[in-house]
Each structure stands twice: as C-alpha cells, then as structure tokens.
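S.K.: return a 3D structure for these sequence lines:
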Amino acid sequence: MFRHILTLQQVSRRQISGSVQRQLLNKVPEKQRLFQEVNGMPVHLKGGVSDAVLYRATMGLTVMGTACVIYQLVKAAVPQKKN
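M.R.: Have a look, this model is predicted:
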C-alpha cells in the first residue's frame, strides 16, 4: 500500500515538472482565411468532404427521427381494433 502511494507521488511530480512541452503549429490564421473567403459556399460545408458527410448524416438522421415521431403520434392517435 505504501509503495502505491510513493509511486503516485512520483507520477504527480513528473506531471507538474517544468519539462518542455511540444510546440503546436497555430492553424487558426489559415482556418480564418478558409472560412472568410467569399466563394458562394455555405459556411457549414467549407471544411471539405468530412463536413459534407457530417451535414448529410445529420440531415438524414433528423428526417428519419421526424418520420418516426410522426408515425408514433399517428399510431397513438388511431385506436386499435380489438378482435
């Protein structure tokens, strides 16, 4: 048990230490240029193919969900015939 506490202390010291972190490339300016250019394309599709796929999947799921809700409402509104 004591060994686990010592290990935890060592790990926590390593995480807080002043080690050099990786420098990440700032992609914000190029994304700003991409989304601000006027090319007649809607902003939700300017990201490329992945945005188009995500948009179409979202619209498909929305239409299917709406159809299911309408079906359930009609099913609940019409009384069932008893045999």
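
S.K.: can you list the low-confidence ranges for this structure?
M.R.: 11-21 (pLDDT under 70).

S.K.: any chance you could map the strands in the protein?
M.R.: For the chain, no strands are identified by DSSP state E.

S.K.: count of neighbours near residue 51?
M.R.: Residues contacting residue 51 under the criterion other Cβ atoms under 10 Å number 14. Quick note: C-beta positions are derived from backbone N, CA and C, even for glycine.

S.K.: actually residue 63, sorry about that
M.R.: Neighbours around residue 63, by other Cβ under 10 Å: 10.

S.K.: how close does the one residue sitting closest to the centre of the chain get to residue 61?
M.R.: Nearest to the mean C-alpha position of the chain, by Cα atoms, centre = their mean, lies residue 54 at 9.5 Å. Distance, residue 54 to residue 61, by Cβ to Cβ, to the nearest Å: 11 Å.

S.K.: what do you get for residue 32?
M.R.: 30 Å.

S.K.: same deal with residue 40?
M.R.: When residue 40 is compared with residue 61 (using Cβ to Cβ), they lie 27 Å apart.

S.K.: comparing those two, which shows the higher neighbour count?
M.R.: Shown here are residue 40 and residue 61; by other Cβ under 10 Å, residue 61 has more neighbours (10 against 4).

S.K.: just give me the longest helix of the protein.
M.R.: helix 49-77 (DSSP state H).

S.K.: what's that one packed up against?
M.R.: Helices and strands touching helix 49-77, by 3 or more Cβ pairs under 8 Å, 6 or more residues apart in numbering; DSSP states H and E: there are none.

S.K.: number of nearby residues for residue 22?
M.R.: Neighbours around residue 22, by other Cβ under 10 Å: 4.

S.K.: also residue 50?
M.R.: Around residue 50 there are 8 residues (other Cβ under 10 Å).

S.K.: same question for residue 53.
M.R.: Counted with other Cβ under 10 Å, residue 53 comes out at 10.

S.K.: report the separation between it and residue 47.
M.R.: Counting by Cβ to Cβ, the separation of residue 53 from residue 47 is 10 Å.
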